[in-house]
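Participant: pasting a predicted model and its sequence here:
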Amino acid sequence: MTAPVTASKVTVLAGGVGAARYLSGLTAVVPPGDVTAIVNTGDDLVLHGLHISPDLDTVTYTLAGAINPETGWGLAGETWSAMEALERYGGETWFRLGDRDLATHMYRTHRLGEGADLATVTAEIARGWGLELRILPMTCDPVATRLTVAGEGEIAFQDYFVRRRHAVPVSGVRFAGVDLAVPGPGVLDAIDDAGTVVIAPSNPIVSIGPVLAVPGVRDRLAARRRSVVAVSPIVAGAALKGPADRLMTELGQDASVVGVARLYRDVAGTLVVDDADGHLAPAVEAEGVRCVVAPTVMSSPEAAAALARVTLR
């Protein structure tokens, strides 16, 4: 078991699987009560009448030790009776929801229907899993990530990511509703009060992008960028999971740690890159971002904890 280290409060901007693994490592070296995760909700959707928050749930299940280790999403030991019954009727089953996972979405939808906001419901779900860290939605207002696909126009994020397995080229990304959104309760305070803010190794376009687009968030980070540390999700020119590298290329960005530095240089003073990209450190620093070279592939809990220690230094 890894012994905690002395550290001030840490706030993490988070997407899905990569952020969840990083947070798992972070809470092994920092008391979980000192950690706040500000989580993307641009991926949220309503399906079967249920409000589903994939990134919030991935973070929650991972930190609770309940995540499906093979997929990085959903619950371990899940059963699929509801989906099998729905399939019999010809219902929508492309977005797979396990039987126990359904309970989370049912509870969230019921509480939202009672008038609770998403931040309150997220805190209730985290408490239900016995978590001590704070998990905050980036906003309680509806924001929807939409992607422009050639010949079709805009499609919803989950249509792109799950139904089409992110295999179609994208020419644009928009966060519908973000201009009218306000930061979720506690979000700006969590940024201001943290000793260190970390931008997790999540997709910079569709996982961190929506968080930065919420009015007020980017300005607060820019005001303290010297103590904001980003971890590159790109290693040796490729994303370890998901379409971050392809999206960056399709949108005219450099799919490398240098491209990540350009995306974050106004909000992060330091970028942590993998050993495989150490030769690009001078190019990263030419973008005005301090470069730290360290192992970033979280292949084990110990590797995730080691990466967390690097970001805290």
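Facilitator: Done, it's in.
Participant: straight-line length of stretch 66-80, end to end?
Facilitator: 16 Å (CA to CA, to the nearest Å).
Participant: report the mean per-residue pLDDT for the lengthiest helix in the chain.
Facilitator: Across the chain, the longest stretch assigned as helix under DSSP state H is helix 99-113. Averaged over helix 99-113, pLDDT sits at 98.
Participant: next structured bit after it?
Facilitator: Using DSSP states H and E, the helix or strand that directly follows helix 99-113 along the chain is helix 118-128.
Participant: can you tell me the element the closest residue to residue 26 other than its chain neighbours falls in?
Facilitator: Nearest non-adjacent residue to residue 26, counting by CB to CB, 6 or more residues apart in numbering: residue 308, 4.1 Å away. For every residue, glycine as well, the C-beta is placed using N, CA and C. For residue 308, the host element (DSSP H and E) is helix 301-312.
Participant: so which bits of that helix are buried?
Facilitator: By neighbour count with 16 or more other CB atoms under 10 Å, helix 301-312 contains the buried residues 304, 305, 306, 307, 308, 309, 311, 312.
Participant: same deal with stretch 210-225?
Facilitator: Quick answer for stretch 210-225 (16+ other CB under 10 Å): 210, 211, 212, 213, 214, 217, 220, 221, 225.
Participant: can you check stretch 225-242 too?
Facilitator: Under 16+ other CB under 10 Å, the buried positions of stretch 225-242 are 225, 228, 229, 230, 231, 232, 233, 234, 235, 239, 240, 242.
Participant: average model confidence for that stretch?
Facilitator: 96.
Participant: keeping just the C-alphas, turn it into CSV.
Facilitator: Presented in CSV, the C-alpha positions along stretch 225-242 are these (Å, rounded to 0.1, in the frame of the first residue of the first chain):
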residue,chain,number,x,y,z
ARG,A,225,-1.1,28.9,-14.9
ARG,A,226,2.3,28.6,-13.2
SER,A,227,0.7,26.1,-10.8
VAL,A,228,-1.3,24.2,-13.4
VAL,A,229,0.2,21.0,-14.6
ALA,A,230,-1.1,19.1,-17.7
VAL,A,231,-0.3,15.5,-18.5
SER,A,232,-0.1,14.7,-22.2
PRO,A,233,-2.5,12.0,-23.4
ILE,A,234,-0.4,11.6,-26.6
VAL,A,235,2.6,9.3,-26.4
ALA,A,236,4.9,9.0,-29.4
GLY,A,237,2.3,10.6,-31.6
ALA,A,238,-0.6,8.4,-30.7
ALA,A,239,-3.4,8.2,-28.1
LEU,A,240,-3.2,5.3,-25.8
LYS,A,241,-7.0,5.0,-25.9
GLY,A,242,-9.6,6.7,-28.0
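Participant: thinking again about what came up before, which residues sit against the helix holding residue 308?
Facilitator: 2, 5, 7, 10, 21-22, 24-26, 28-30, 196, 198, 229, 231, 272, 292, 294-298 (CB atoms under 8 Å, 6 or more residues apart in numbering).
Participant: for PyMOL, what selects the buried ones among those?
Facilitator: In PyMOL, this line selects whichever of those come out buried by 16+ other CB under 10 Å:
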select buried, resi 7+10+21+22+24+25+26+28+29+30+196+198+229+231+272+292+294+296+298
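Participant: re the thing from before, kindly export the helix holding residue 308 (C-alpha atoms) in PDB.
Facilitator: Coordinates of each C-alpha in helix 301-312 appear next as PDB, following Å, rounded to 0.1, in the frame of the first residue of the first chain:
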ATOM      1  CA  PRO A 301      -1.700   1.200  -9.900                       C
ATOM      2  CA  GLU A 302       1.900   1.800  -8.900                       C
ATOM      3  CA  ALA A 303       2.600   3.500 -12.300                       C
ATOM      4  CA  ALA A 304      -0.400   5.800 -11.800                       C
ATOM      5  CA  ALA A 305       0.700   6.700  -8.300                       C
ATOM      6  CA  ALA A 306       4.200   7.400  -9.600                       C
ATOM      7  CA  LEU A 307       2.800   9.700 -12.300                       C
ATOM      8  CA  ALA A 308       0.700  11.500  -9.600                       C
ATOM      9  CA  ARG A 309       3.900  12.100  -7.600                       C
ATOM     10  CA  VAL A 310       5.500  13.700 -10.600                       C
ATOM     11  CA  THR A 311       2.600  16.100 -11.200                       C
ATOM     12  CA  LEU A 312       2.700  17.100  -7.500                       C
END
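Participant: tell me how far that helix lies from the chain's centre.
Facilitator: Here helix 301-312 shows a centroid-to-chain-centroid distance of 17 Å under the convention CA atoms, centre = their mean, to the nearest Å.
Participant: what does the helix or strand containing residue 285 contact?
Facilitator: In the assignment (DSSP H and E), residue 285 maps to helix 281-286. Residues outside helix 281-286 that contact it (CB under 8 Å, 6+ apart) are 257, 258, 261, 271, 273, 291, 293.
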